[in-house]
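Asker: sequence and predicted structure, then a few things I'm wondering about:
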Amino acid sequence: MTQKRVWYLVVALAVAGLSIVYLFWWSQFNRASLETDKEIWQKRDEMIAQYESRKVALFDQILKYAGKGVCKHDEDCRLIPYGPKVCEDKRGNLIYSALDVNVVHFAPAVDSYNSFMDTYNAKAIKVFNCVGRAKKAKCQYNACVPDR
């Protein structure tokens, strides 16, 4: 064998050895990266589950204070903005009756829900449908309903 061929063989073996070392390192790096991504998504899912349960509790509180929506006239029915600011930077509307609402607790409960929803949507990245928001309410068969 000539000296030139020996030199090519040494270089080829060195390149092959470095390639194997690189592939081993890369596989370990990717495995660690995938585990980290999995942990990140698990934490995000846990956070969203906590937010979901808090959201339900806050909305149940609103419904408790809102009453049953009993009315006698259209003037008894009102709207209050609630939920996320997603539709042209506006909230949806919750219909309630001025006759049976718990005035002291209702508006603060809605405000608390709204501020929570702003935080929730920023972290959870939710998509909402903006179609069908009530613009005003009316009294129909002694109950407040949307008047579209």
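Answerer: Yep, it's here.
Asker: just the helices in the protein please.
Answerer: For the chain, the helices defined by DSSP state H cover 3-66, 103-124.
Asker: nearest to residue 144, of the ones you listed?
Answerer: Counting by C-beta to C-beta, residue 144 lies closest to helix 3-66 out of those; the figure is 9.8 Å. (Glycine included, C-beta is placed from N, CA and C.)
Asker: contacts only, for the closest residue to residue 107 other than its chain neighbours.
Answerer: Spatially, and ignoring its direct neighbours in sequence, residue 107 is nearest to residue 80 (7.1 Å; C-beta to C-beta, 6 or more residues apart in numbering). Counting by C-beta atoms under 8 Å, 6 or more residues apart in numbering, residue 80 makes contact with 93, 94, 96, 106, 107, 110.
Asker: now those residues in TSV, with neighbour count, pLDDT and distance to residue 40?
Answerer: Below are the contacts of residue 80 laid out as TSV (neighbours: other C-beta atoms under 10 Å; pLDDT from 0 to 100; distance: C-beta to C-beta, whole Å):
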residue	neighbour count	pLDDT	distance to residue 40
93	18	84	36
94	20	87	35
96	26	92	41
106	19	93	39
107	14	91	38
110	23	92	33
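Asker: sorry, back to before: how about the helices of the chain, which one is nearest residue 84?
Answerer: Closest of the helices of the chain to residue 84 is helix 103-124, at 4.6 Å (criterion: C-beta to C-beta).
Asker: show me what the closest one is packed against.
Answerer: Counting contacts by 3 or more C-beta pairs under 8 Å, 6 or more residues apart in numbering; DSSP states H and E, helix 103-124 packs against helix 3-66, strand 77-87, strand 90-97.
Asker: so can I have a markdown table of the ones you listed showing distance to residue 117?
Answerer: Shown next, in a markdown table, are the helices and strands packed on helix 103-124 (distance: least, C-beta to C-beta, whole Å):
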| stretch | distance to residue 117 |
| --- | --- |
| helix 3-66 | 7 |
| strand 77-87 | 5 |
| strand 90-97 | 8 |
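Asker: out of these, which is closest to residue 118?
Answerer: Per C-beta to C-beta, nearest to residue 118 of the helices and strands packed on helix 103-124: strand 77-87, 6.6 Å.
Asker: quick one: mean pLDDT for stretch 119-128?
Answerer: Here stretch 119-128 scores 70 as its mean pLDDT.
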